[in-house]
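S.K.: Mind folding the following:
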Amino acid sequence: MRGKEAFMRNISSRLGRREPLAEAPSRPFIGVPDFYRERTRTQDELIDEFIQSWTALSGKTLVVDEAEAPQAVEAYIRQLAGELGIKRISRWEHEGLEKLGFDQSLNEAGIEVVAWREGGADHIELGGLPTGPDGNWARRSHLLHAAEQCRLGVVWPDCAIANTSTLALFSQGGKGRSVSLLTEAIVAVFRADQIVYRMGEAFALFKKQFPNVTDMPSSLNLITGPSRSADIENDLTIGIHGPGKVHAIILK
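M.R.: Residues are numbered from 1 along each chain as shown. From the prediction side, this is the model:
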């Protein structure tokens with residue numbers, strides 16, 4: 001006996017069956033089971049669950065009153081930059097971050113801010129190019145050069161998922177992937193009403209915002225705690241393929 005039949009019989013024997021199934025097994029649920037779909041949380045419960053899961057992954061969280069957000073967010077970023085010795089940060093070109101208006105005050109404090117938009121890094125004097133003046137890296141945009149030399153990124157997620165403490169980032173326009181992937185630390189600022197309970201709700205939001213394939217952003221990034229990578233011997237390393245330090249500021 002060879003081929004597909006032998007393969008299926010081997011699987012069946014491993015499962016304790018004498019013969020492979022003649023018919024496909026029943027599938028009572030398609031998508032989320034009703035008992036799970038009907039499970040709801042209040043806004044305070046969503047915040048608490050997100051913080052609990054985020055903290056378990058070594059993330060840091062700050063909950064502030066939305067009216068006090070401009071001062072609180074600026075102070076948090078300034079303190080974090082001071083602790084890590086950071087002199088340059090990048091941020092999304094997002095309406096929520098624009099309203100916080102921390103660029104000027106941070107610049108005055110000696111912390112350069114690179115906004116992810118055309119011309120957003122014109123005021124930045126770059127360090128040396130790693131590939132020299134004739135390498136491929138040197139031919140990339142000034143904005144990308146500047147973002148690659150930032151150590152802290154500030155983003156505004158499209159939503160946050162409570163039961164996995166995941167940030168969902170729809171990369172499009174002024175919401176560049178480089179801001180959340182190239183830096184060694186990120187600060188995610190978002191409102192409490194942007195927290196959903198389960199992963200499927202984030203995908204539903206994505207589908208609702210971008211019903212047509214041609215309008216979809218270049219990527220949907222899901223960030224659950226700091227970057228974790230392990231080799232074949234299970235040696236865990238933090239911060240290799242993304243930020244090693246993650247911070248969330250929830251505006252309530």
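
S.K.: For the rest of this, base every contact and every neighbour count on C-alpha atoms.
M.R.: Will do.

S.K.: which stretches of the chain have low pLDDT?
M.R.: Applying pLDDT under 70 to the chain flags residues 1, 128-135, 137.

S.K.: 90 instead, please
M.R.: 1-6, 8-9, 17-40, 118-119, 122-142, 144-149, 171-173, 212-219, 225-243 (pLDDT under 90).

S.K.: all strands of it, in order?
M.R.: Using DSSP state E, the strands of the chain run over 60-64, 88-91, 112-115, 152-155, 159-161, 166-171, 185-191, 195-196, 219-223, 228-230, 236-238, 245-251.

S.K.: mind giving me a markdown table with the ones you listed and columns for distance to residue 100 and mean neighbour count?
M.R.: Listed next are those as a markdown table, based on distance: least, C-alpha to C-alpha, whole Å; neighbours: other C-alpha atoms under 10 Å:
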| stretch | distance to residue 100 | mean neighbour count |
| --- | --- | --- |
| strand 60-64 | 13 | 16 |
| strand 88-91 | 12 | 27 |
| strand 112-115 | 13 | 26 |
| strand 152-155 | 12 | 26 |
| strand 159-161 | 18 | 27 |
| strand 166-171 | 19 | 22 |
| strand 185-191 | 10 | 23 |
| strand 195-196 | 20 | 24 |
| strand 219-223 | 23 | 16 |
| strand 228-230 | 31 | 13 |
| strand 236-238 | 30 | 12 |
| strand 245-251 | 11 | 22 |
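
S.K.: Looking at the ones you listed, which is nearest to residue 50?
M.R.: Across the strands of the chain, residue 50 has its closest neighbour in strand 159-161 (7.0 Å, C-alpha to C-alpha).

S.K.: Give me the sheet partners of that closest one and which way each runs.
M.R.: Next to strand 159-161 in the sheet, as set by DSSP bridges, lie strand 166-171 (antiparallel), strand 195-196 (parallel).

S.K.: so which of these comes closest to residue 76?
M.R.: Comparing the strands paired with strand 159-161 by their distance to residue 76 (C-alpha to C-alpha), the top pick is strand 166-171, with 19.1 Å.

S.K.: mind putting the strands of the chain in JSON lines, distance to residue 75 included?
M.R.: As requested, those are arranged in JSON lines below (distance: least, C-alpha to C-alpha, whole Å):
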{"stretch": "strand 60-64", "distance to residue 75": "12"}
{"stretch": "strand 88-91", "distance to residue 75": "14"}
{"stretch": "strand 112-115", "distance to residue 75": "15"}
{"stretch": "strand 152-155", "distance to residue 75": "14"}
{"stretch": "strand 159-161", "distance to residue 75": "23"}
{"stretch": "strand 166-171", "distance to residue 75": "22"}
{"stretch": "strand 185-191", "distance to residue 75": "12"}
{"stretch": "strand 195-196", "distance to residue 75": "23"}
{"stretch": "strand 219-223", "distance to residue 75": "24"}
{"stretch": "strand 228-230", "distance to residue 75": "28"}
{"stretch": "strand 236-238", "distance to residue 75": "26"}
{"stretch": "strand 245-251", "distance to residue 75": "12"}
